[in-house]
Each structure stands twice: as structure tokens, then as C-alpha cells.
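>>> mind looking at a prediction? Sequence and model below.
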Amino acid sequence: MIIGAGSTVIFHFDIKLADGSAAESTRVHNKPARLQMGDGSLSPAFEAQLMGMAKGDKRSFTLAPEDAYGMPNPDNIYYVDRSKFSADAPAQVGMIVGFAMPDGSELPGLIREVVGDSVTVDFNHPLAGQTLTFNVEIVEVQS
């Protein structure tokens, strides 16, 4: 069975940055990703690379930022009062902090800057703005 519109795909992937360093991999914990083609969870450019592949197939491809995780959106940068952080977990540049959303889910934000009582938190995907190389291996295809 080959991947087509609406297929459910189980696959391993490795993501590398433009400098060749590893960014993410499903192989670390041997937990492949699951994708319903066309559900909007991945970009159309990514899905187009998977079309026609079958179980056992491997492919490497590079996507520009706008075809991968998009470009950073300045509207996803927030300024939070330092008092919102506890003494046990003070705001520190480089920390990823989970913020509770109204629906009960958690949104991770990266602390970019701490100046005085202001903490700059970036809610863009950490790989936004990056040209990425994906290595994928199809584990299973379901109709």
C-alpha cells in the first residue's frame, strides 16, 4: 500500500539543521510518529514528500522555513511580569516553561530575555525560521 490522500502513516523521522546538527528524532525513544494525511498537522510541502511512498521506503528532503515550521511570528512574543515566576523556578534565559491555557492544555514558551521585572517569552516553535533536512522511514501505511 502506498501513501495517498487520507492515508494514516506511521514513520520515523530525523530532523537536521542547516549546519548538520541533529534537532529532533523519533528514534531516540523508538516512538515513530503517526500522521493522518491531509489533517493539517504537517505542512502540505512535507506531506507532498511522503506521497507515493510505501512501507520500508526511506527519503531525505530539505524544506525551507515556510514549508516546515514557518517563520517566527512577532505576535507570538509576550512580555510577562517576573512576579509570575516562583522563587523555586525563577525566570532564566533559555528555559522552556509550560503555561496553562484556558482549555487546560499547556503551551511551552522559551524565555528569551529577562530585564528588570520583564520576562520575554517566545511561543514560536523552536524550529521556526530554520531550513531543515528531514530523513524519513515509513514504518506502516493504512488506508
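Now that the structure is in, tell me what you want to look at.
>>> quick one: residues contacting the residue lying closest to residue 116 once chain neighbours are set aside.
Spatial nearest neighbour of residue 116, chain neighbours left out: residue 82 (7.6 Å); criterion: Cβ to Cβ, 6 or more residues apart in numbering. Backbone N, C-alpha and C define where each C-beta goes, glycine included. When the contact criterion is Cβ atoms under 8 Å, 6 or more residues apart in numbering, the partners of residue 82 are 91, 114, 116-119.
>>> 6 Å - rerun?
91, 117, 119 (Cβ atoms under 6 Å, 6 or more residues apart in numbering).
>>> over to residue 113?
Residue 113 neighbours (Cβ under 6 Å, 6+ apart): residue 120.
>>> before we move on, which element is it in?
Taking DSSP states H and E as the definition, residue 113 sits inside strand 106-115.
>>> what are the pairing partners of the next helix or strand after that strand, and which direction each?
Next along the chain after strand 106-115, taking DSSP H and E as the criterion, comes strand 118-122. In the sheet, strand 118-122 lines up against strand 77-81 (antiparallel), strand 106-115 (antiparallel) (DSSP bridges).
>>> to residue 68, which of these lies closest?
strand 106-115 (17.6 Å; Cβ to Cβ).
>>> what's the mean pLDDT across the closest one?
pLDDT averaged over strand 106-115 equals 93, rounded to a whole number.
>>> now residue 70: phi and psi?
The phi and psi values for residue 70, taken as degrees, to the nearest 10, are phi 80, psi 180.
>>> my guess is it contacts residue 127. True?
No. In this structure, residue 70 is not within contact of residue 127 by Cβ atoms under 6 Å, at 9.2 Å.
>>> ok, and for stretch 118-133, which residues are buried?
For stretch 118-133, the neighbour count (16 or more other Cβ atoms under 10 Å) marks 119-122, 124-125, 127-128, 130, 132-133 as buried.
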